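> Generate coordinates for the sequence data below:
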Amino acid sequence: MNSVLAIITVTCFVTIAKANTDVLQIPPNGLGAKGKQINITTLLEWPTTESFMTDYAKPARPFIVRNAAKDWKASLKWTDEYLMSIDEGMKEKVTVEQAKKEDRNNPAEELSLHEFVRGYQEKDWYMVERVPMFLRQDIVMPPLFQCPLIANLLLEQMMWFSNGGTKSVLHFDSMDNIHCLITGRKLFVLIDPKNKVEIDQPQGSYSSVDVDNVDYSKHPDLLNLEYHMAYLSAGDCMYLPYHWYHQVRAADRNIGVNIWWNHFSMMTMDYSSCEDVPQQHHKTMDQFQFQGTDKLLQHEEAIKSHFRMLTGQGGTPLTYDRLLFMFLGDEEHRPGMKDGEDSLKTLFQSF
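Below you'll find the model as predicted:
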């Protein structure tokens, strides 16, 4: 009898221990564990356009808005059952990564949205895809984009969907970003770009560092930094400034939506005519046009700034051929991009 009780006790202990293991908890040697951790600014409502530009965008200060998306139709409706009930989901193709710990060398798979929803709870699948057109009416665009001038700067939007446990690489984006969490929890570990972080995979703007077990002999630049921590719960949105390094961990059934826009065009525009639109009149994502990230190739200062982030990283000189690969991909995937190649060559020669 005592043996039976002992087995039951041990089993219960192991079960409770597993239940209390939070996938958002950074491992002892993980990225962000060794250094000063700083929680980023938290707001209870979106700042006005003037405040956003003056207090956050221009000084490049990230912030969280609690419950900003909690009343979106997406937050209220996007259960697996609802997504499976939409007929368009049978044909809508989505990109699915095959491992929860990001490895950009692993090939992705293309499935229908319905195939993904049927299988993601049992597999290490991670959907990373533009928001399907038939779901965009469920997403209210943040107040900043209700101004037509700023809406014209929109580049891309993405949907991130898993059953939790995903871990991204450490990377940066050459665009400003707002990320809203529909379900689940996320931790963004951020590093101010004022710190020099080695990006040894410049073609993808990311580091090959193991985010769960940092080898500080290879990555001394990551020791004793200030790490800005952003914990998001369902309904929260975060502003992630241009070029901030970040690594992301997700927990629970997890759906996030992010919006990228042109940083440099926003920094140089006159936004004084932008008026703050009452919340009840905010437009949804389906009413906006996204120009695509290729639009950045038309902005000289954006390209030069990206060069500066990458020049000399990893001890490898930034050659013109490497530059073409970073921006335009392999030669076989560049049909009709002669103008883009000529523009990059001219800019490269100016450095």
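> Need the contact partners of the host helix or strand of residue 115.
Assigning secondary structure by DSSP states H and E places residue 115 in helix 113-119. Contacts to helix 113-119, defined as CB atoms under 8 Å, 6 or more residues apart in numbering, come from residues 80, 83-84, 86, 88-90, 92-94, 96, 111, 125, 127, 132, 161. Where you see a C-beta, it was placed from the backbone N, CA and C, and this is true even at glycine.
> how about 6 Å then?
With contacts defined as CB atoms under 6 Å, 6 or more residues apart in numbering, helix 113-119 is touched by 80, 83-84, 89-90, 92, 94, 96, 127.
> Filter the residues you listed down to the buried ones.
83, 89, 92, 94, 96, 127 (16 or more other CB atoms under 10 Å).
> any idea which of the residues you listed is closest to residue 103?
When the buried ones among the contacts of helix 113-119 are ranked by distance to residue 103 (CB to CB), residue 96 comes first, at 14.0 Å.
> who touches that closest one in this structure?
Here residue 96 is in contact with 109, 111, 116, 125, 127 (CB under 6 Å, 6+ apart).
> Now name the helix or strand holding residue 155.
strand 154-162.
> so how far is residue 102 from residue 204?
10 Å (CB to CB, to the nearest Å).
> My error: substitute residue 164 in the last question.
14 Å.
> Equivalent analysis for residue 127, please.
Applying CB to CB to residue 127 and residue 102 gives a distance of 13 Å.
> Can you name the residues bridging to residue 178?
Taking DSSP bridges as the rule, residue 178 bridges to residue 239, residue 259.
> And the pLDDT for it?
For residue 178, the model assigns a pLDDT of 98.
> Contacts only, for residue 245.
Contacts of residue 245 by CB under 6 Å, 6+ apart are 172, 191, 197.
> in the stretch 1-150 of the chain, which spans are strands?
Secondary structure of the stretch 1-150 of the chain (DSSP state E, counting those that start in this stretch): strands at 35-39, 41-43, 63-65, 93-97, 109-112, 126-129.
> quick one: which of the ones you listed is nearest residue 181?
Closest approach to residue 181 among these is made by strand 63-65 (9.9 Å; CB to CB).
> Next, count neighbours for residue 165.
16 (other CB atoms under 10 Å).
> So it is in contact with residue 100, correct?
Yes. Counting by CB atoms under 6 Å, residue 165 touches residue 100, with 4.9 Å between them.
> the helices in the protein, which residues?
2-19, 49-51, 73-77, 80-85, 113-119, 148-151, 263-268, 300-310, 320-328, 338-349 (DSSP state H).
> neighbouring contacts of stretch 181-192?
24, 31-32, 74-75, 78, 197, 225, 227-228, 230-234, 236, 244-256.
> Buried subset of the residues you listed as a PyMOL selection?
If you want just the buried ones from these in PyMOL, going by 16+ other CB under 10 Å, the selection is:
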select buried, resi 31+32+74+75+78+197+225+227+228+230+231+232+233+234+236+244+245+246+247+248+249+250+251+252+253+254+255+256
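> Please flag which of the contacts of stretch 181-192 sit within strands.
Per DSSP state E, strands hold the following members of these: 225, 227-228, 230-233, 245-256.
> returning to that earlier point: filter the contacts of residue 96 to the buried ones?
So, by 16+ other CB under 10 Å, the buried ones in the contacts of residue 96 are 111, 116, 125, 127.
> Reformat the residues you listed as JSON lines; add pLDDT.
Shown next, in JSON lines, are the buried ones among the contacts of residue 96 (pLDDT from 0 to 100):
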{"residue": "111", "pLDDT": "98"}
{"residue": "116", "pLDDT": "98"}
{"residue": "125", "pLDDT": "97"}
{"residue": "127", "pLDDT": "98"}
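> Between the residues you listed, which sits nearest residue 40?
So of the buried ones among the contacts of residue 96, ranked by how close each gets to residue 40 (CB to CB), first place is residue 127, at 26.6 Å.
> Look up the residues forming beta bridges with the closest one.
In beta-bridge terms (that is, DSSP bridges), residue 127 pairs with residue 96, residue 161.
> Could you pull up the contacting residues of it?
By CB under 6 Å, 6+ apart, the neighbours of residue 127 are 94, 96, 116, 161.
> State the distance from it to residue 110.
11 Å.
> And the lowest mean pLDDT element among the helices and strands of this protein?
Here the helix or strand of the chain ranked lowest by mean pLDDT, DSSP states H and E is helix 2-19, holding a mean of 38.
> rewinding a little: redo the contacts of residue 245 as CSV? Include distance to residue 271 and pLDDT.
Shown next, in CSV, are the contacts of residue 245 (distance: CB to CB, whole Å; pLDDT from 0 to 100):
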residue, distance to residue 271, pLDDT
172, 25, 93
191, 28, 97
197, 31, 90
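> Need the CA coordinates for stretch 281-298. CSV is fine.
Extracted in CSV, the C-alpha atoms of stretch 281-298 (Å, rounded to 0.1, in the frame of the first residue of the first chain):
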residue,chain,number,x,y,z
HIS,A,281,-15.2,54.8,-36.6
HIS,A,282,-12.0,52.9,-36.8
LYS,A,283,-11.6,50.9,-40.0
THR,A,284,-10.7,47.3,-40.2
MET,A,285,-7.7,45.7,-42.0
ASP,A,286,-9.7,44.7,-45.1
GLN,A,287,-10.2,48.4,-45.9
PHE,A,288,-6.4,49.0,-46.2
GLN,A,289,-3.8,48.5,-48.9
PHE,A,290,-0.4,47.0,-48.1
GLN,A,291,2.4,47.9,-50.6
GLY,A,292,4.7,45.0,-49.9
THR,A,293,8.2,45.1,-48.4
ASP,A,294,9.8,45.6,-51.9
LYS,A,295,8.6,49.2,-51.5
LEU,A,296,11.6,49.7,-49.2
LEU,A,297,13.9,49.3,-52.2
GLN,A,298,12.6,52.7,-53.4
